[in-house]
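Colleague: Sequence and predicted structure below; questions after.
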Amino acid sequence: MATSTAGTSTPLVEVRGVSHKYGRAAGTAQVLQDVDLTLQTNEVVGLLGRSGSGKSTLLRSIAGLIHPSEGQVRLVHGDDGGQPSVAMVFQTFALFPWLTVLQNVELGLEAQRVPPDERRTRALAAIDLIGLDGFENAYPKELSGGMRQRVGLARAIVVNPSLLLMDEPFSALDVLTAETLRTDLLDLWLEGRMPIKSILIVTHNIEEAVLMCDRILVFSSNPGRVAAEIRVKLPQPRDRLDPAFRALVDDIYARMTVKTVGAPVPKDGLFPGLGIAMVLPRVSTNALAGLIEEVDAQPFDGKAPLAELADSLQLEVNELLPMAETLQLLRFAELTGPDIKLTPAARRYAQASVDDRKALFKQALLAHVPLAQHIRRILDERGSHDAPARRFRDELEDYMSPDYADETLRTVTHWGRYAEIFAFDEEDDRFSLDDPA
């Protein structure tokens, strides 16, 4: 069995003080800050966090695909003096469509100049191992998504890597296919049938992390840092219905929903900064309404464990938490540990007509989102009652990167139009009071 065992593991990768920035000057965005990580042999480690927390950047730094701005990534030499080898499985299947399954799997060996006969033998063995025997001569277009990801896995393990890096390998698959592939991968790992010493996996799925990993590193955002390290001591195979499993999932949700809304220092969570400097996530009003309706209805009756809500709606943490925290920002919900509880305003919203819903949302938006207040005030003060969107983007870029500024302005534009606080002309890129009363 390949689970982590005290006394038998040795360091495989050491990450020390890694920070990374993208862009230049005013457009610089720091995605990682002072990250430390030691990856041991005989363990599966998960990097868990929201989109934009730098998990994939760290993974690519370890793979050698990018060089971090600061810090060091070191692959530790083994007892035999050799340096660990690394292979990577991507979120997208990344197969060459003009090559067969066998030819796609052979690519890494060909790059290593392995002789053709040995290359074919090893590739066929890898294809058989991951359950695609019989499809050697098929092309990617003939395969389902799950089968194509199995090809990607075979291509990774055929080169006999010491470390397997996986960047959200199941996120592009439907729920049932992802579960099957996840289970098969775990079986191969636990039975010691793969030539791999350790696995490092990026995921947004809390249950997936608890199912697979010996350790979970929870990342905060803006910039990405290791906020918590959790050791999973549950024996394999793990049962989702086990009370200890559910308790750990709830604990991780609680750690990831620590109230940070409006906190200026440190810049953490979804809403760093104060005033118009809050970075707003791209969450639609339809999604917010749907979440309110789900929590308001039975069996939740206004209060729901986030883990149960995620299962009910089939949402991952990077989808659910921005919605939940947006409701908290608007004072439509309270996040208490692993639970979300609707406020009286939200429960009125759930039962209201379309027009009354808009009125409640308008009230919340103008009371609790300073950027919406700011845009409306400028429009009210101007004789023409209009203003170029560029003016507000420039203001936001004093506090955040251009990408965050653009995302934040798009979000508040969507919310403001729904609430009929202002109008927006996409072609002219201008706000106005043409439509609102």
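Modeller: Ah, there it is.
Colleague: Just the local confidence number for the residue of the chain positioned farthest from its centre, please.
Modeller: Ranked by distance from the centre of the chain (C-alpha atoms, centre = their mean), the top residue is Gly383, with 44.5 Å. Gly383 is assigned 86 on the pLDDT scale.
Colleague: if I pick it, what's in contact with it?
Modeller: For Gly383, no contacting residues are found, by C-beta atoms under 8 Å, 6 or more residues apart in numbering. For glycine as for every other residue, the C-beta is placed from the backbone atoms N, C-alpha and C.
Colleague: Does it belong to a helix, a strand or coil?
Modeller: coil (DSSP: H, G, I helix; E, B strand; the rest coil).
Colleague: which phi and psi does it have?
Modeller: Gly383 adopts backbone torsions of phi -60, psi -30, taken as degrees, to the nearest 10.
Colleague: Can you tell me how far it is from Gly416?
Modeller: The gap separating Gly383 from Gly416 is 21 Å, by C-beta to C-beta, to the nearest Å.
Colleague: Tell me what Val45 is bridged to.
Modeller: On the basis of DSSP bridges, Val45 is bridged to Leu200, Arg215.
Colleague: Assess the claim that it and Ala209 are in contact.
Modeller: No - Val45 is beyond contact range of Ala209, at 9.6 Å (criterion: C-beta atoms under 8 Å).
Colleague: joint contacts of those two?
Modeller: Between them, Val45 and Ala209 share these contacting residues under C-beta under 8 Å, 6+ apart: 201, 216.
Colleague: who has more neighbours, those two?
Modeller: The neighbour comparison of Val45 against Ala209 (other C-beta atoms under 10 Å) goes to Ala209, with 27 against 22.
Colleague: Would you confirm that the more buried one belongs to a helix?
Modeller: Yes - according to three-state DSSP, Ala209 belongs to a helix.
Colleague: Quick one: neighbours of the spatially closest residue to it that is not a sequence neighbour, just the number.
Modeller: Among residues not flanking Ala209 along the chain, Gly46 sits closest, at 4.0 Å (C-beta to C-beta, 6 or more residues apart in numbering). Neighbour count of Gly46, defined by other C-beta under 10 Å: 27.
Colleague: And for Tyr22?
Modeller: Residues contacting Tyr22 under the criterion other C-beta under 10 Å number 14.
Colleague: How about the one 10 residues further on?
Modeller: Taking other C-beta under 10 Å as the criterion, the count of residues near Leu32 is 25.
Colleague: Can I take it that it is in a strand?
Modeller: Yes - counting by three-state DSSP, Leu32 falls inside a strand.
Colleague: For Met323, give me its contacts.
Modeller: Applying C-beta under 8 Å, 6+ apart to Met323 gives the contacts 283, 287-288, 291, 315.
Colleague: Taking those, tell me the two that lie furthest apart.
Modeller: Across the contacts of Met323, the longest distance by C-beta to C-beta is 13.0 Å; it joins Leu288 and Leu315.
Colleague: Which of the two has more residues huddled nearby?
Modeller: Neighbour count, other C-beta under 10 Å: between Leu288 and Leu315, Leu288 has more, with 22 against 19.
Colleague: ok, now which ones touch that one?
Modeller: For Leu288, the contact set (C-beta under 8 Å, 6+ apart) comprises 323, 326-327, 330, 332.
Colleague: neighbour-wise, which of those residues leads?
Modeller: Neighbour-wise, the contacts of Leu288 (other C-beta under 10 Å) top out at Phe332, 27 neighbours.
Colleague: Report pLDDT for it.
Modeller: pLDDT recorded at Phe332 is 94.
Colleague: Hmm, Pro344 and it touching each other?
Modeller: No - counting by C-beta under 8 Å, Phe332 stays clear of Pro344, with 9.7 Å between them.
Colleague: what touches both of those two?
Modeller: By C-beta under 8 Å, 6+ apart, no residue touches both Phe332 and Pro344.
Colleague: Thr57 versus Glu106, what's the distance?
Modeller: In this view, Glu106 and Thr57 are 30 Å apart by C-beta to C-beta.
Colleague: for Arg50, that is, sorry about that
Modeller: From Arg50 to Thr57 the distance is 14 Å (C-beta to C-beta).
Colleague: What of Ala367?
Modeller: Counting by C-beta to C-beta, the gap from Ala367 to Thr57 is 36 Å.
Colleague: How about Thr343?
Modeller: 37 Å.
Colleague: now swap in Glu110 and tell me
Modeller: Relative to Thr57, and taking C-beta to C-beta, Glu110 is found at 29 Å.
Colleague: okay, and for this structure, where does confidence drop off?
Modeller: Scanning the chain for pLDDT under 70 picks out 1-9, 23-29, 77-83, 258-274, 435-437.
Colleague: wait, doesn't Phe422 sit right on Leu433?
Modeller: Yes - between Phe422 and Leu433 a contact is recorded at 6.0 Å, counting by C-beta under 8 Å.
Colleague: got the CA coordinates for the helix or strand harbouring Asp36 in CSV?
Modeller: Secondary structure from DSSP states H and E places Asp36 in strand 29-40. In CSV, the C-alpha atoms belonging to strand 29-40 read as follows (Å, rounded to 0.1, in the frame of the first residue of the first chain):
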residue,chain,number,x,y,z
ALA,A,29,-0.3,40.9,-10.0
GLN,A,30,1.3,38.9,-7.2
VAL,A,31,-0.2,35.4,-7.3
LEU,A,32,2.1,33.7,-4.8
GLN,A,33,3.8,35.0,-1.7
ASP,A,34,6.4,33.3,0.5
VAL,A,35,5.2,29.7,0.0
ASP,A,36,7.0,26.8,1.7
LEU,A,37,6.4,23.1,1.0
THR,A,38,8.2,19.9,1.5
LEU,A,39,6.8,17.0,-0.4
GLN,A,40,7.8,13.6,0.9
